[in-house]
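Colleague: Generate coordinates for the sequence data below:
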Amino acid sequence: MTLVVGAARYEAALRFPAYLESVVKNAELWQGMYRTAMVAPESAERLRRVSGELRFLALSEDWCGDCVSCLPVIARLADQSGIDLRILRRDENADLMVAHLTSGTRSIPVVMVLDRDLRELAWWGPRPAPVQRWMRSEGLLLPEPEQSRRKRAWYARDRGRAVVGELCDAVERAARRIAGRR
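Modeller: Residues are numbered from 1 along each chain as shown. Alright, predicted model coming up:
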């Protein structure tokens, strides 16, 4: 069954600048990540070629380290490629979260790729594949502070490239699905 996000829910979701103003936890980090987030022009062009009618809807919480590491670069990608990005809080949207569990967990961010009728075509999350693999192996063995430190170091070295590449791949898959309907 295809997930459909209602128009009222989508319209009520925050655009990224409003979400950024609403964060309480890690507010300076969120601001800094967005200020320094960069997207290669060829990545934005990739999405401009296929995005036509697509939208992004993300589930997030301000306390989440993966969200603060991923959503600012996703917001830059959306801005540069002309895709509307909206943000919903995970804890206020349990039904959407349950539909996007990762190994049975409520891990975020989750970014849904929606068509013009707000039907989900694809989704990405909760973190880039290399980080997810690390979390499921070596990361499990580390105490929380060290796990977070190493994860942040990985995100800093990667500078959003993996997030952008994986999300572009998801959008291209979604565009092929749309083309297949015609």
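
Colleague: which residue ranges form the strands in this structure?
Modeller: Here the chain has its strands, by DSSP state E, at 14-15, 55-60, 84-89, 110-114, 120-124.

Colleague: Need these in CSV (columns: mean neighbour count and mean pLDDT).
Modeller: The way it works is simple: take the backbone N, C-alpha and C, and place the C-beta from them, glycine included. Below are those laid out as CSV (neighbours: other CB atoms under 10 Å; pLDDT from 0 to 100):
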stretch, mean neighbour count, mean pLDDT
strand 14-15, 15, 98
strand 55-60, 25, 97
strand 84-89, 20, 97
strand 110-114, 25, 95
strand 120-124, 20, 93
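
Colleague: Can I get those strands in JSON lines including distance to residue 151?
Modeller: Below are these laid out as JSON lines (distance: least, CB to CB, whole Å):
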{"stretch": "strand 14-15", "distance to residue 151": "25"}
{"stretch": "strand 55-60", "distance to residue 151": "16"}
{"stretch": "strand 84-89", "distance to residue 151": "21"}
{"stretch": "strand 110-114", "distance to residue 151": "17"}
{"stretch": "strand 120-124", "distance to residue 151": "17"}
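
Colleague: Of these, which is nearest residue 130?
Modeller: Nearest to residue 130, of all those, is strand 120-124, at 14.0 Å by CB to CB.

Colleague: what helices or strands is that closest one leaning on?
Modeller: strand 110-114, helix 161-181 (3 or more CB pairs under 8 Å, 6 or more residues apart in numbering; DSSP states H and E).

Colleague: Among those, show me which one is buried the most.
Modeller: Greatest average neighbour count among those goes to strand 110-114 (a mean of 25), per mean count of other CB atoms under 10 Å.

Colleague: by how many degrees do that strand and strand 120-124 diverge?
Modeller: With axes from the mean of the first three to the mean of the last three CA atoms, to 10 degrees applied, the angle from strand 110-114 to strand 120-124 works out at 150 degrees.

Colleague: Check what pLDDT residue 144 gets.
Modeller: Per-residue pLDDT puts residue 144 at 87.

Colleague: That one and residue 106: what is the separation?
Modeller: In this view, residue 144 and residue 106 are 17 Å apart by CB to CB, to the nearest Å.

Colleague: who's more crowded, these two?
Modeller: The residue with more neighbours, out of residue 144 and residue 106, is residue 106; 16 against 7, by other CB atoms under 10 Å.
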